[in-house]
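**Q** pasting a predicted model and its sequence here:
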Amino acid sequence: MANDATACRIFIQNEQLAQLNTFPDLGSPITEDGECTTEFCARLRAGDRCITTENIRKSHSIPISTNIRLVKALVWPVATYGCESWTLRKNEETRLEASEVKGLTKILRFSRTAKKTDKWVLNKTGVKRELLDTVEARKLA
């Protein structure tokens, strides 16, 4: 894979190596243009699958505060795995914040069509937006 538009010609024992547009490195695809949107979207989907398939979230005997702690401990690491190499733009930041509120909405067990604002969800759960700050802190470390 080349990081510019020029084609590389590398031969090993008179056979030319194929040039790739995408290369998987430690489970994260690296593209020649440096985009990470596919990895970012896949990570958010994995986090969503985690929270929707988690039986703990469905239990009515566990308090909401404990469910929030479980989401922070079990779901957020899945959703942010490999975030150190992400290039976050405003669109990705917005999607990350929306994913955080979506998870809290699922914990509160009300429908997405209930038309509650993000601010209402955050006030109801007593949570501040932390996911984007966590990702940015991990990128700087």
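**A** Thanks, I have it.
**Q** residue 99 contacts residue 131, correct?
**A** Yes: between residue 99 and residue 131 there is a contact at 7.4 Å, judged by Cβ atoms under 8 Å. C-beta: built from backbone N, CA, C; applies to glycine.
**Q** between those two, which contacts overlap?
**A** Applying Cβ atoms under 8 Å, 6 or more residues apart in numbering, one finds that residue 99 and residue 131 are jointly contacted by residue 79.
**Q** what strand or helix carries residue 18?
**A** Residue 18 belongs to no helix or strand when elements are defined using DSSP states H and E.
**Q** how many other residues sit next to it?
**A** 7 (other Cβ atoms under 10 Å).
**Q** measure it to residue 33 for me?
**A** 18 Å (Cβ to Cβ, to the nearest Å).
**Q** likewise residue 102?
**A** Counting by Cβ to Cβ, the gap from residue 102 to residue 33 is 29 Å.
**Q** between the two, who's got more neighbours?
**A** residue 102 (17 against 9).
**Q** surely the more buried one and residue 48 touch.
**A** Yes: between residue 102 and residue 48 there is a contact under Cβ under 8 Å: 7.2 Å.
**Q** so what's in contact with the two at the same time?
**A** Counting by Cβ under 8 Å, 6+ apart, no residue touches both residue 102 and residue 48.
**Q** next helix or strand past the helix-or-strand element of the chain with minimal mean pLDDT?
**A** Least confident helix or strand of the chain, by mean pLDDT, DSSP states H and E, is helix 55-58 with a mean of 66. Later in the chain than helix 55-58, the nearest helix or strand by DSSP H and E is helix 64-70.
**Q** what helices or strands is the helix or strand that that next one is followed by leaning on?
**A** Scanning forward in sequence from helix 64-70 by DSSP H and E, the next helix or strand is helix 76-79. Applying 3 or more Cβ pairs under 8 Å, 6 or more residues apart in numbering; DSSP states H and E, we find helix 76-79 packed against helix 37-53, helix 131-140.
**Q** among the ones you listed, which is the most enclosed?
**A** Ranked by mean neighbour count, these are led by helix 37-53 with a mean of 16 (mean count of other Cβ atoms under 10 Å).
**Q** cool, thanks, signing off.
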